[in-house]
Structures are given as C-alpha cells and as structure tokens.
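Undergrad: have a look; sequence and predicted model below, questions after that.
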There are 2 protein chains.
Amino acid sequence: MTEEAQQAENTEEKIRQVAKRLFTERGYNGTKIRDVAEEAGVNIALLNYYFRSKERLYESIVIENFQEYIGALSKVLNEPGLSLEERIRRYTAQMIDTLKANPDLAFFIMNEGRNNSGFCQRFMANHDAVVAESKMAEQLQSEAKVGAIRPIDMFMFDALLHAQLVMPFVQLPIWRQMERTRDVNFNEFLEQLKQTVPDMIMAYLRSKP
Amino acid sequence: MTEEAQQAENTEEKIRQVAKRLFTERGYNGTKIRDVAEEAGVNIALLNYYFRSKERLYESIVIENFQEYIGALSKVLNEPGLSLEERIRRYTAQMIDTLKANPDLAFFIMNEGRNNSGFCQRFMANHDAVVAESKMAEQLQSEAKVGAIRPIDMFMFDALLHAQLVMPFVQLPIWRQMERTRDVNFNEFLEQLKQTVPDMIMAYLRSKP
DNA sequence: GTCTATACTTCGATAGAC
DNA sequence: GTCTATCGAAGTATAGAC
C-alpha cells in the first residue's frame, strides 16, 4: 500500500485517489484494476463494490480531471482590471503552474480527446463558449478595432497559446531523461516559458500584417 | 479484409500495413493482434510466423514511424540558399504537409515518448544533434550576433515551433467533431497556420528584448 | 464493508496438420 | 506459408462467507 492510500479518510476515497493517479499516468488501457486494488491496499471485489466496474470508476476520474483542467483556465479569463498583455501573462503563468502541480493532466486530456471524443467534446465546447465571451476575447477585438494590435481569430489565438503551454508537459518523460544526460532543467525551462510565450504573442499582435 | 490489405503485394507486407495503421491510431495497448489479423485477412498464427510476437511487430512499426517523422524535419534544415525567414516558412509548411499525409503520426510519436522513452530518447537525441548543427541553428546565431534578430536558445526555438505545428494534429478528433457542429474547417486552419506561425516567430525574433 | 474463491472473458502464443 | 485447434496467462467481474 502506498503512502497516499494510507492517508485517505475512507476506503472509497482511498481507491479513488490511487485510481486517479494510475489512470492519469497510464490511461484507460494501460491501467489494470489489479494494480489499483493492490496499491490501495484492498482487493478487486471491493473496487466493484464501490464503483461497479472499471469503466464507471474511470468515468468519475475523467470528470474530476476535466474540471481541474478547465477550472484553472477559466479563472483568469475574466479577472477585472487587467490590460490585455497583463491578462495574457497571468493566463500563461496560471496554466503552467496548474500543469506543474499535476504534470500528467495535459496528456490525459489530450488522450481523452482521441479515445472518447464525444465526452471531451462537451467539455471543450463549454470551455470555448466561456473563452468566446470572456474579457480576453473582448479585449482582443476592441484593441484590434482601435488599431493597437493586429486582428486575430480568437480560435487561432487560443490554439497557438495552448499549444505552447501544453506541449512541454506532454514531452515531460523525454525531458526527465534529457535532464540526466544534458545540461537542461525542466523547471527553469518553464520559468523561461512564462516570459517567452507572452513575449512572442505580444510581438505578433503588435507587428504589422 | 480491408481494401488496403488486398492491394499489398505479399502477406508480410499486408500485415505490416494493417499493423502500422492500427498501432499508429490506437497505440500498443489499444491494439489487439486479433484485430490486426482479421483486418489483414489472415489468422493470428501467421502474425507470429512472420513477426514472432506482438512486441516485435510493434517495434518494426515504431522504427518506420520515427524515420518518417524525422525524415520530414531534416530535409529543410540544411537546404542551401534560404534566408532564415524563408527557411522557417519552408520548415513550417513541410512539417504540416507531412503530418497532413499521416495525421496520427504526431500523436503516436508523443505517446511513444511517454511509454517507451528510452527508445524515443535515442531518436530525439539524434534529431536534436542534427538540429543543433543545422544551417537553421547557424543562421539563428549569426543573425543574432549582427543584431538583426533577438538572441534565442535553439532548444526553446525548436520547442515553440514544434508545439504550434504538432498540437493541431493531436487534437484532430476534436476538430473532426467540431467541423460538424460549427463553421470551422481543419484544412483551412492548417493553411492559416502556415502563415501565422512563421509570422509570429519572425515578429518575436525581430522585436526588442 | 471486506474478504476468499472462483467464474468468465480476452488476449497472446504455439503445436501440429496440410 | 497458411490454417485449425488449443493452451496458458492476465484481466474483469461476481457469488457467498464473515
């Protein structure tokens, strides 16, 4: 039984915690309920007693992970009193810190988008609506109208920004290995990213078409 | 048996083609050799006759996929007679076209980097060495020395560029679904990307620190 | 609630006939 | 080379005792 399991209040929560970690790390196919049971210090029968099946257990984890992911994003989008540039910088930093706290989350969400895209779709559609009506989108539009920045499709903007923030975490295992063989450090890279990504986006927005 | 299988010259190649598609789409754990056999129009015994085991079959596919992926990248890096900006634009277009031709490749490579990072590591290390000694790297450095562009770490440059090119393909299933419900088109988006990504990178490089 | 024991299913691999 | 038949391992789920 792992340390995390011992700390949980009750058995159901204990199982859920282990399952969340394993599913997030290894995906649905890569996770065996035997492993979950073992690491949680219980037996398989108990998993099915609480969650009825592997699939239902997984579903509850998916929902949790999506909420965690989207929650982080939504916060900064409408925070009052920020200039466009400040908002982009805050958004970037917030996103990186969230993923830092749960590095497998990014890959899990992506994976889910491929295997179970119906489910993922609903969450993403929801998020996109939030983005489209956000203060961020409003500022992008109004600043473009005044000619302060180059006009950009909100969709494209979101895609490019996300790509730059999410990818490093997707490649994390490769980073970990490179950290041993070369003079690179993932955390330093992330701190650089917080600077470079907003710099790059602002440079683009302020450049002439 | 699928159409692709019927067209193959011999049985071994037939099996390999189906396996490549399924492994690339579904990953190692998600692919069942039963499915491969069925779609190839043969039985399981024959798979093992040719490839000895699922794992060996998979390995041969991995190698093929990596070569396809890296081959596309390497081409443009040293092509003579290109300015830095031209090279970046060519590189972008080349990458997008390669992934367009095999849309699951990007995700496969990423997935591989997580599950089998030792193997992936060797390929990536190789690629990084090629990049570091490329005409692209040389131009980035010399132009920065002259003050024509802002100095940038080759590593960071590569990461940001790749992130923007690869991510759309990783999210492709979500795109496909959105294409039905909204007024978006993946191929149009890719064409826009060919313009926007180099624009953004050049804007950054030409901006003041 | 929790366990043991076991049933049921899927999967990868192989023996042996042709 | 290709097939049928089958084995053994691994995985999920459940019955039933406590």
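TA: Sure thing, it's come through.
Undergrad: so how far is chain B from A:Leu47?
TA: Counting by C-beta to the nearest C-beta, to the nearest Å, the gap between A:Leu47 and chain B amounts to 20 Å. Heads up, the C-betas are built off the backbone N, CA and C, glycines and all.
Undergrad: just the element for that residue, please.
TA: When elements are assigned from DSSP states H and E, A:Leu47 belongs to helix A:44-51.
Undergrad: ok, residues contacting stretch A:91-108?
TA: A:23-25, A:27, A:65, A:68-69, A:72-73, A:75-77, A:136, A:161-162, A:165-166, A:169-170, A:172, A:187, A:190, A:193-194, A:197-198, B:110, B:114 (C-beta atoms under 8 Å, 6 or more residues apart in numbering or on different chains).
Undergrad: tell me how far that stretch lies from the chain's centre.
TA: Its chain's average C-alpha position is 5 Å from that of stretch A:91-108, according to C-alpha atoms, centre = their mean, to the nearest Å.
Undergrad: kindly format the C-alpha coordinates of it as PDB.
TA: Below are the C-alpha coordinates for stretch A:91-108, written out as PDB (Å, rounded to 0.1, in the frame of the first residue of the first chain):
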ATOM      1  CA  TYR A  91      -3.100  33.200 -18.100                       C
ATOM      2  CA  THR A  92       0.200  31.800 -19.200                       C
ATOM      3  CA  ALA A  93       1.600  31.700 -15.600                       C
ATOM      4  CA  GLN A  94      -1.600  30.200 -14.200                       C
ATOM      5  CA  MET A  95      -1.700  27.500 -16.800                       C
ATOM      6  CA  ILE A  96       1.900  26.500 -16.300                       C
ATOM      7  CA  ASP A  97       1.500  26.400 -12.600                       C
ATOM      8  CA  THR A  98      -1.600  24.200 -12.800                       C
ATOM      9  CA  LEU A  99       0.100  21.700 -15.000                       C
ATOM     10  CA  LYS A 100       3.200  21.800 -12.900                       C
ATOM     11  CA  ALA A 101       1.100  20.700 -10.000                       C
ATOM     12  CA  ASN A 102      -0.300  17.800 -12.000                       C
ATOM     13  CA  PRO A 103       2.000  17.200 -14.900                       C
ATOM     14  CA  ASP A 104       0.200  14.200 -16.400                       C
ATOM     15  CA  LEU A 105      -3.100  16.100 -16.700                       C
ATOM     16  CA  ALA A 106      -2.300  17.600 -20.100                       C
ATOM     17  CA  PHE A 107      -1.600  14.300 -21.700                       C
ATOM     18  CA  PHE A 108      -4.600  12.700 -20.100                       C
END
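Undergrad: so which bits of that stretch are buried?
TA: Judged by neighbour count (16 or more other C-beta atoms under 10 Å in any protein chain shown), stretch A:91-108 contains these buried residues: A:91-96, A:98-99, A:102-108.
Undergrad: close to DNA strand D, is the lengthiest helix in chain A?
TA: The residue-count maximum for a helix in chain A (DSSP state H) belongs to helix A:54-77. Yes - contact between helix A:54-77 and DNA strand D is present through A:54-55 (criterion: C-beta under 7 Å from any atom of the strand).
Undergrad: ok, is that helix in contact with chain B or not?
TA: No - no part of helix A:54-77 sits close enough to chain B to count as contact by C-beta under 8 Å from any C-beta of the partner chain; the gap is at least 12.9 Å.
Undergrad: and of the buried residues of stretch A:91-108, the nearest to A:Ser60?
TA: Nearest to A:Ser60 among those: A:Phe108, at 13.9 Å, using C-beta to C-beta.
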